[in-house]
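Engineer: Show me how the following folds:
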Amino acid sequence: MKTASTKIALAFTGILAASSVSGLAMAGQSKAATQESAAVYVIESIKIPGHAKSVLSDTRAARVALFEGQTDAAIDLVQKALETFDAGVADYAVELDGDAGFGIPVDSSVEFNEGFQPTESNAKVINQAGQLAQQGDSQAAVKTMIEGGIELDFKYAMLPVAPTVVSLNNALDDLQDGSFYEANIALKAIETSLVIEDYGVADTPKQGFAWETISKS
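Structural biologist: Here you go, the predicted model:
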């Protein structure tokens, strides 16, 4: 039988899943810069650049345009993504696990640390954090949990830098050559290349590397 605190913990994770799995990356959006491409959302010390997130949306939009026969629009979107995903994202680069090169964080989520067993003494903190999450203030919810001694893990969706640049260039070449099937494959490869990195509160990775380093990894 689940204890009261366990039920609250499950409710808390459910609220985050419903309102903030991608919302953690969007927390504080109303306070962000007015230009979406320049927006930066902060979770603890890892920053998620809005212009890197836009690469994914432009990639998806390019595929839709391609399926609808709007090849000129697809070319424009891919060119836009290439211009966006340049040296400007270097400040947000993170070294991926397993010598997999570098990635740019584009989304995040938070969950209880594996093996964490809530007790009755955790109930007040978890309940308070759950209320904050339900109100849409995910950052405050996370802060409350950490300060209350609740063990959390942070997961980040990373867009690999070098493969993304290669795929965008390949897609552009294919589009301009009229090789639309191949262009779609190259664009789809970007969407499926996302890597999930898992970090604890105490092992936040270094962020920010030289563009020459990350683009050739």
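Engineer: State the distance from the nearest residue to N170 once chain neighbours are set aside to S138.
Structural biologist: The shortest distance from N170 to any non-neighbouring residue, by CB to CB, 6 or more residues apart in numbering, is to A186 (4.3 Å). (Glycine included, C-beta is placed from N, CA and C.) From A186 across to S138, the span is 34 Å (CB to CB, to the nearest Å).
Engineer: Look at these two and report which has more neighbours.
Structural biologist: Taking neighbours as other CB atoms under 10 Å, A186 and S138 compare with S138 leading, 27 against 22.
Engineer: okay, and the helix or strand of the chain with the least pLDDT?
Structural biologist: Taking mean pLDDT, DSSP states H and E as the measure, the chain has helix 23-26 as its least confident helix or strand, at a mean of 34.
Engineer: Number of residues surrounding A141?
Structural biologist: Other residues near A141 number 27, with proximity taken as other CB under 10 Å.
Engineer: no, scratch that, I was asking about D137
Structural biologist: 17.
Engineer: what are the phi and psi values for it?
Structural biologist: phi -100, psi 70 (degrees, to the nearest 10).
Engineer: And stretch 146-155, how far out from the chain middle?
Structural biologist: 19 Å (CA atoms, centre = their mean, to the nearest Å).
Engineer: Please report the residue range of the longest strand in the protein.
Structural biologist: Using DSSP state E to define each element, the chain has its longest strand at strand 102-112.
Engineer: After whichever strand or helix holds N170, which helix or strand is next?
Structural biologist: Counting by DSSP states H and E, the element that carries N170 is helix 161-177. Next helix or strand after helix 161-177 toward the C-terminus (DSSP H and E): helix 180-191.
Engineer: And the next helix or strand after that following helix, what's buried?
Structural biologist: Counting by DSSP H and E, the next helix or strand C-terminal to helix 180-191 is strand 195-200. For strand 195-200, burial by neighbour count (16 or more other CB atoms under 10 Å) applies to 195, 197, 199.
Engineer: name the helices or strands packed onto strand 195-200?
Structural biologist: Counting contacts by 3 or more CB pairs under 8 Å, 6 or more residues apart in numbering; DSSP states H and E, strand 195-200 is packed against strand 152-160.
Engineer: which residues sit against the strand it packs on?
Structural biologist: 43-44, 46, 48, 52, 55-56, 94, 96, 100-114, 142, 145-146, 190, 193-201, 204 (CB atoms under 8 Å, 6 or more residues apart in numbering).
Engineer: what about this structure, any weak spots by pLDDT?
Structural biologist: Applying pLDDT under 70 to the chain flags residues 1-45.
Engineer: Spatially central residue in it, please.
Structural biologist: The centroid of the chain falls nearest to D107 when counting by CA atoms, centre = their mean (1.5 Å).
Engineer: ok, now which ones touch the closest residue in space to A210 that isn't next to it in sequence?
Structural biologist: Counting by CB to CB, 6+ apart, the nearest residue to A210 once its immediate chain neighbours are dropped is A90, at 6.4 Å. Residues counted as contacts of A90 (CB under 8 Å, 6+ apart) are 208-211, 214.
Engineer: And the residues you listed, which of them are buried?
Structural biologist: Buried among these (16+ other CB under 10 Å): 209, 211, 214.
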